[in-house]
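A.B. asks: Using only what follows, build the 3D model:
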Amino acid sequence: MTVINILTALRSLAIAIAIWWIFVLVTNVPAYLLPAPDAIASRFVFLAQTAELTKHIRVTLAEIGAGFILGGFLGVAFGWLFVRVPLLGRLLSPLVLLLQTAPKIAIAPLLLLWLGLDMGPKITLIAVVTFFPVMAGAAAGFAAVEKPYQDLGTLLHLSAWQRFRRIELPFSLPPILAGFRIASTQAVTAAVIGELMGATYGLGYLLSLGQENGDASVVIVAILILSTIGWGFHEVIRLCERHMLSWHTSQIAIEG
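C.D. replies: Next up is the predicted model:
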């Protein structure tokens, strides 16, 4: 992310806060429905000092990180397997599609019953939502490796691992990383769904606590932190994409 992008994002944020503040002052909307930005800032400080806010953030970040890595690894592995073993792809694709189309909010209670209230069900749910876009990107990328490159691997007597690392993976990186980018935003949503269903820590739990107590400021603080995490996570993936694909025509065109 460039400095210009950061400044643009900060400017947009400042404008949004100013509009919010003016709206609250002009409409006199009750604070229990929509607190002003300064009340949100005070609540943020209060939660950080007395309600273990940093621990809630760490738990959610740990769940997202673990689930994202697990789902991403399995997505790449299964994408490669589905291309290498077409019969396996034909057999398992309907099951994968069925799992993907099932509402995640319906899967979460089942995972809680099976795995308890710890981080396990949240990590599993995040891995499930991460898996499909990464797998779809990986399968498209591995299937699109051009025959001359495959012939080159045969000519050089490359082993299966060398062929994967030197030819197939680099060629497939653009769609794989696009899958990771899509999954990065879905992972945050999955973490919140899992924590809303049952948790003792995490930003989703904090969100639920604010709703139960009728405290809109706690809910808004949790939403703002979650949005920041989602935005930051997406930008980290974009940064990796730009770095790893600096040689690719798509990134050269963007950088212009």
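
A.B. asks: In terms of secondary structure, what does the host helix or strand of residue 187 contact?
C.D. replies: Using DSSP states H and E, residue 187 maps to helix 169-197. Contacts defined by 3 or more C-beta pairs under 8 Å, 6 or more residues apart in numbering; DSSP states H and E place helix 169-197 against helix 53-84, helix 104-115, helix 120-143, helix 203-212, helix 216-244. Backbone N, C-alpha and C define where each C-beta goes, glycine included.

A.B. asks: ok, of these, where does mean pLDDT dip lowest?
C.D. replies: Sorting these by mean pLDDT places helix 104-115 lowest, at a mean of 82.

A.B. asks: what's the angle between that one and helix 120-143?
C.D. replies: 120 degrees (axes from the mean of the first three to the mean of the last three C-alpha atoms, to 10 degrees).

A.B. asks: just the helices and strands packed on helix 169-197: most buried one?
C.D. replies: helix 120-143 (a mean of 24; mean count of other C-beta atoms under 10 Å).

A.B. asks: Kindly export that helix (C-alpha atoms) in CSV.
C.D. replies: Output of helix 120-143 as CSV, limited to C-alpha atoms (Å, rounded to 0.1, in the frame of the first residue of the first chain):
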residue,chain,number,x,y,z
GLY,A,120,-11.7,-25.0,17.3
PRO,A,121,-15.2,-24.4,15.7
LYS,A,122,-14.3,-20.8,14.8
ILE,A,123,-11.0,-21.9,13.1
THR,A,124,-12.9,-24.6,11.3
LEU,A,125,-15.6,-22.3,10.1
ILE,A,126,-13.0,-19.8,8.8
ALA,A,127,-11.1,-22.6,7.1
VAL,A,128,-14.3,-23.7,5.4
VAL,A,129,-15.0,-20.2,3.9
THR,A,130,-11.4,-19.7,3.0
PHE,A,131,-11.1,-23.1,1.3
PHE,A,132,-13.5,-22.7,-1.6
PRO,A,133,-12.2,-19.4,-3.3
VAL,A,134,-8.6,-20.6,-2.9
MET,A,135,-9.4,-24.0,-4.2
ALA,A,136,-11.3,-22.6,-7.2
GLY,A,137,-8.4,-20.2,-8.0
ALA,A,138,-5.8,-23.0,-7.6
ALA,A,139,-7.8,-25.4,-9.8
ALA,A,140,-8.2,-22.8,-12.5
GLY,A,141,-4.5,-21.9,-12.3
PHE,A,142,-3.1,-25.4,-12.4
ALA,A,143,-5.5,-26.4,-15.2
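
A.B. asks: Closest to the centroid, which residue in this protein?
C.D. replies: The centroid of the chain falls nearest to residue 184 when counting by C-alpha atoms, centre = their mean (2.2 Å).

A.B. asks: returning to what we had before: flag every buried residue along the helix holding residue 187.
C.D. replies: 169-184, 186-197 (16 or more other C-beta atoms under 10 Å).

A.B. asks: This completes my enquiry, with thanks.
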